[in-house]
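> Next input, structure requested:
(chains A and B)
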Amino acid sequence: MIKANALTKRYGPLTAVDNVSFSVQPGEVLGFLGPNGAGKSTTMRMFSGFVEPTSGDAEICGYSIKRHPPDAKRCLGYLPEGAPSYGEMTPRAFLEFIARVRGMSGVERRRRTEQVVEQLHIDNVFDQSIDTLSKGFKRRVGIAQAILHDPPVLIMDEPTDGLDPNQKHEVRELIRSMSRDKIIVISTHILEEVEAVCNRSIIIASGRIVVDETPESLINRSRFHNAVTIRFARTAELADIRDAIGRLDDIDHVEIDEKFRSLTAFPTENAMVLTAISDLAAAQDWPVEQLHMESGRLDEVFRSITAPEVPA
Amino acid sequence: MNAIRVIAARELNAYFATPLAYVFLVIYLILIGTFTFYLGGFYERGQADLIPFFNFHPWLYLFLVPAISMRLWSEERKSGSIELLMTLPITMGEAVLGKFLAAWCFVGVALALTFPIWLTVNYLGDPDNGVILTAYVGSFLMAGAFLAIGACISAANRNQVVAFIITVAVCFAFLLSGVELVLDFFVAWAPQWLIDSVAGLSFLTHFNALSNGVLDLRDILYFLLVIAAWLYANAVVLDMKKAG
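Numbers count the residues shown, from 1 in each chain, chains lettered A, B, ... in the order given. Sure thing, here's the model as predicted:
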């Protein structure tokens, strides 16, 4: 288990992280969300022992990072932001260095190195100096370093930043495959990633936790949750259709998007209106091209939570 | 202990992964050779000792050792790898010591590569090899003291060039604290005990004793204490950066 107890970090007059507390259990994949400068990295750095909290403490596997840093760090695999490494080394030498510092025996070192090289597909560049690698490979070497000792706790600061869509997919698969018995914390500003791999999300803004719930319930906060969008083949009488739909039960209001010749019907509190609308469309013989139920838009929820002064 | 060895080995390899190590070794050996034979008048003196050789060590170290120490922490800070190093399960002391020992080993290699000059003097005459050995030990210790100063300053600066310049300045002050140039600053206002302490801090005084073959425990202890003090300061600087 990992635990943050009232973690606070001040830089002069600026409070980067303000009294943040949470705990994560094995099996949980926690997504840390927040705008740039919200305190995501600082929080993770306090867990990793790189930044010392002004007050409060972080606990990893029962060890306080303040009082027993080496024990806490042994439990932890950590990928710093930007995946820094020693550029003049090859991934082979680099991983061997990490394994040796972590005190892994020869047999274990070879076995685990082989495993992570296969998991992250870095065998082709294994003997090239890290400086010459592409951003994607550098990132993967960084992840390899973090999971080399098979840690029970894995904290990764933007693990998929700079990867192409295929590589992103692979890293997400990797995270999912490891998530069963581990504690994984990732930070990201790619919202779909949270949906794809996390089963818990924390949104942090101005150094404070503003939301702590599952990605599903986060999506359900969206005003688009359960809304129905209809797109029409040619210029239909959108205004008439809007009025017709607006007369149905459980419809809160209907919005028109002229550009896409579509309209979106927003139901009242959690009502399901898809069947009613499609029945109406069939009965009225509207030229419907597409009709679907929205699942909620995470980016819109994110904006409304972290920047309330800007209308969504 | 294991961690110190692993970190030192990585650091030492890093020196040889770039041209820095080779450039340094070649320039060091050329300069020390030139100084010894031309400026020091090695042949003209007609004496079987290495005094002209060792006399130039402090001055060469003044500019060459900061070039080695400047990258120790500045580079880690700049590339961000310091975050990786500091989040590995090692103590601050192990990291500081590992890096310092790597740099010290490297200077040791450079020093050892001056062996032809020792062969030459033994071929030409019959020198006191005990004196030469003591002088080598003194030179190595002094290089360590320079390095420890440089390591600490490197930890405080992200910029290697700034680290280099400050290190040269601080080393220069330590080197010359025994001569009038520096002491005159203090004579006018400082009490005698302070002037004596400043004079006692001079690398040159302690090194000259050793290079003349006087194996005094106090001189050795002096250099070891200087190294320990600056490495401790190095760890404190890193701790302060961590607390931000």
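
> For the rest of this, base every contact and every neighbour count on C-alpha atoms.
Will do.

> who in chain B is up against chain A?
Contact residues, chain B versus chain A (CA under 8 Å from any CA of the partner chain): B:2-3, B:6-7, B:10, B:14, B:17-18, B:79-81, B:83-84, B:86-91, B:242-244.

> so where's the stretch 101-250 of chain A shaky on pLDDT?
A:235-236 (pLDDT under 70).

> Return the set of buried residues in stretch A:110-128.
Of the residues in stretch A:110-128, A:112, A:113, A:116, A:117, A:120, A:121, A:122, A:125, A:126 count as buried by neighbour count, 16 or more other CA atoms under 10 Å in any protein chain shown.

> and it, how far apart are its ends?
19 Å (CA to CA, to the nearest Å).

> picking up where we left off before, identify those among the residues of chain B next to chain A that sit within helices.
Using DSSP state H, B:2-3, B:6-7, B:10, B:14, B:17, B:79, B:81, B:83-84, B:86, B:242-243 are the members of the residues of chain B next to chain A that sit in helices.

> Let's have the residues you listed in TSV, adding pLDDT and neighbour count.
Shown next, in TSV, are these (pLDDT from 0 to 100; neighbours: other CA atoms under 10 Å in any protein chain shown):
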residue	pLDDT	neighbour count
B:2	87	14
B:3	91	21
B:6	95	23
B:7	96	26
B:10	95	19
B:14	91	17
B:17	86	13
B:79	91	15
B:81	94	20
B:83	94	24
B:84	95	23
B:86	93	19
B:242	85	16
B:243	81	15
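
> list the contacts for residue B:60?
By CA atoms under 8 Å, 6 or more residues apart in numbering or on different chains, residue B:60 lies in contact with B:28, B:31, B:32.

> Is residue A:116 in contact with residue A:141, as I believe?
No - using CA atoms under 8 Å, residue A:116 makes no contact with residue A:141, being 9.2 Å away.

> any idea how far the helix or strand residue A:170 falls within is from the chain center?
According to DSSP states H and E, residue A:170 maps onto helix A:165-178. Centroid separation for helix A:165-178 versus its chain: 12 Å, with CA atoms, centre = their mean, to the nearest Å.

> Packing partners of whichever helix or strand comes after that helix?
Scanning forward in sequence from helix A:165-178 by DSSP H and E, the next helix or strand is strand A:183-187. Applying 3 or more CA pairs under 8 Å, 6 or more residues apart in numbering or on different chains; DSSP states H and E, we find strand A:183-187 packed against strand A:29-33, strand A:153-157.

> Now do strand A:183-187 against helix A:165-178, angle only.
150 degrees (axes from the mean of the first three to the mean of the last three CA atoms, to 10 degrees).

> Give the burial count for whichever residue of chain B sits closest to chain A, as a bare number.
When you check chain B against chain A by CA to the nearest CA, the closest residue turns out to be residue B:89, at 4.4 Å. For residue B:89, the count of nearby residues is 20 (other CA atoms under 10 Å in any protein chain shown).

> buried residues in the lowest-mean-pLDDT helix or strand in chain B?
For chain B, using mean pLDDT, DSSP states H and E, the weakest element among its helices and strands is helix B:180-187, scoring a mean of 76. Neighbour counts over helix B:180-187 (16+ other CA under 10 Å) mark B:182, B:183 as buried.

> same for the helix or strand that that helix is followed by, what does it pack against?
Along the chain past helix B:180-187, the next helix or strand (assigned with DSSP H and E) turns out to be helix B:192-200. Here helix B:192-200 touches helix B:180-187, going by 3+ CA pairs under 8 Å, 6+ apart.

> What helices and strands are in contact with the helix it packs on?
Against helix B:180-187 (3+ CA pairs under 8 Å, 6+ apart) you get helix B:192-200.

> Next, the residues that contact the helix it packs on from outside, please.
Contacts for helix B:192-200 (CA under 8 Å, 6+ apart): B:177, B:178, B:179, B:183, B:186, B:187.

> Adding mean neighbour count and distance to residue B:101, write the helices and strands packed on strand A:183-187 out as CSV.
Shown next, in CSV, are the helices and strands packed on strand A:183-187 (neighbours: other CA atoms under 10 Å in any protein chain shown; distance: least, CA to CA, whole Å):
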stretch, mean neighbour count, distance to residue B:101
strand A:29-33, 26, 40
strand A:153-157, 24, 31
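
> hey, C-alpha coordinates of stretch A:133-142 in CSV?
C-alpha atoms of stretch A:133-142 as CSV (Å, rounded to 0.1, in the frame of the first residue of the first chain):
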residue,chain,number,x,y,z
LEU,A,133,17.8,6.6,-29.7
SER,A,134,14.4,8.1,-30.7
LYS,A,135,12.2,9.6,-28.0
GLY,A,136,10.0,6.5,-28.0
PHE,A,137,12.9,4.2,-27.4
LYS,A,138,14.3,6.4,-24.7
ARG,A,139,11.0,6.4,-23.0
ARG,A,140,10.9,2.6,-23.2
VAL,A,141,14.4,2.3,-21.7
GLY,A,142,13.1,4.5,-18.9
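
> list the buried ones in that stretch?
Within stretch A:133-142, the residues scored as buried using 16+ other CA under 10 Å are A:133, A:135, A:136, A:137, A:138, A:139, A:140, A:141, A:142.

> I'd like to know which of those is nearest to residue A:240.
residue A:136 (51.7 Å; CA to CA).

> All good on my end, thank you.
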